[in-house]
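In: Structure for the following, please:
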Amino acid sequence: MTASIDAHVRLDTHPTHPSAVQAVLTGTQARVASTALEAAGWSAAATGVLVLARIDHEEPYWAADAAQHLTAEGITVEITPRLQEAIDEEWTWPNYPMPWCTRNEIREVSDQAQKIHDDIRNGHLLIHAHAHDGHTTVAVRTYLHQGGKSVYLHGEDHLRQIADTFDSPAEALVAFENAHAAEMRPGPAPLTDTERAATAARSVFDVTTAKPEPPRPQMEAVPIYLADAGDHDALLGTFLDT
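Out: Down below sits the predicted model:
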């Protein structure tokens with residue numbers, strides 16, 4: 001039987017961001033819950049308050065996942081009715097460029113994009129250059145851990161993917177310049193609107209005065225079963241080549 005921990009986590013929708021989630025922590029062992037949430041990508045926004053703000057707008061799903069893990073550790077978790085409604089909502093991206101993906105496959109693609117975003121935000125990827133290929137932003141970067149590969153990134157926000165890898169920064173830069181010489185610019189691309197909104201949501205705020213905004217302006221509710229499974233890897237390659 002899991003020992004009870006004197007920590008209470010109240011999960012609720014973010015007061016100003018349409019999809020982000022906030023966690024209010026109380027109890028003498030609240031730090032235990034805080035450490036677990038930070039390890040899962042949550043950020044401290046105020047004393048006893050953490051925020052989950054992602055670029056794929058999947059915060060309610062991952063908040064529910066966090067709640068399960070915290071509960072399994074013996075931490076008391078409360079989910080507000082409005083967050084539970086967001087967790088239960090069936091939605092997909094309008095005009096999603098990979099319509100063959102199921103809802104779970106879409107989540108997998110966007111979660112990989114989120115991990116790339118987090119690596120960039122946390123300084124794990126050295127930015128060499130970026131460009132616009134006529135459709136979206138592309139970039140070349142190198143992972144800073146020992147033996148880290150250089151990567152060619154394609155796309156923005158929830159669609160960013162590693163399209164190619166290289167053994168050295170020099171090899172990556174030469175290939176990138178050959179493909180994007182005219183549009184190539186040094187350093188990182190400007191933040192997208194989604195990235196700026198996520199950054200703002202993670203900023204320190206007063207939970208007693210902030211007011212909520214209408215939820216999920218970039219999403220539309222559709223039945224999950226309308227998305228059919230398909231050959232994800234092959235078709236993703238086709239998408240990247242367009």
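
In: Could you double-check that residue 54 lies in contact with residue 197?
Out: No: counting by Cβ atoms under 8 Å, residue 54 does not reach residue 197; the two are 10.5 Å apart. Heads up, the C-betas are built off the backbone N, CA and C, glycines and all.

In: model confidence over stretch 146-163, on average?
Out: Average pLDDT, stretch 146-163: 93.

In: okay, residue 54 and residue 197: which has more neighbours?
Out: For residue 54 versus residue 197, the count of surrounding residues by other Cβ atoms under 10 Å is larger for residue 54: 24 against 20.

In: distance of that one from residue 172?
Out: 27 Å (Cβ to Cβ, to the nearest Å).

In: what's the answer for residue 20, then?
Out: 33 Å.

In: So which residues of the protein form strands?
Out: Shown for the chain, the strands assigned by DSSP state E span residues 8-13, 21-26, 43-46, 49-52, 76-79, 125-132, 137-143, 150-154, 161-166, 185-186.

In: which residues touch the last one?
Out: Which is strand 185-186. 128-131 (Cβ atoms under 8 Å, 6 or more residues apart in numbering).

In: If you average the pLDDT over that strand, what comes out?
Out: Mean predicted lDDT for strand 185-186 stands at 96.

In: Return the list of strands paired to that strand, each annotated with direction.
Out: strand 125-132 (antiparallel) (DSSP bridges).

In: got the contact list for the strand it pairs with?
Out: With Cβ under 8 Å, 6+ apart, strand 125-132 has contacts from 116, 119-120, 137-144, 150-151, 169, 172-173, 176-177, 180, 183-189.
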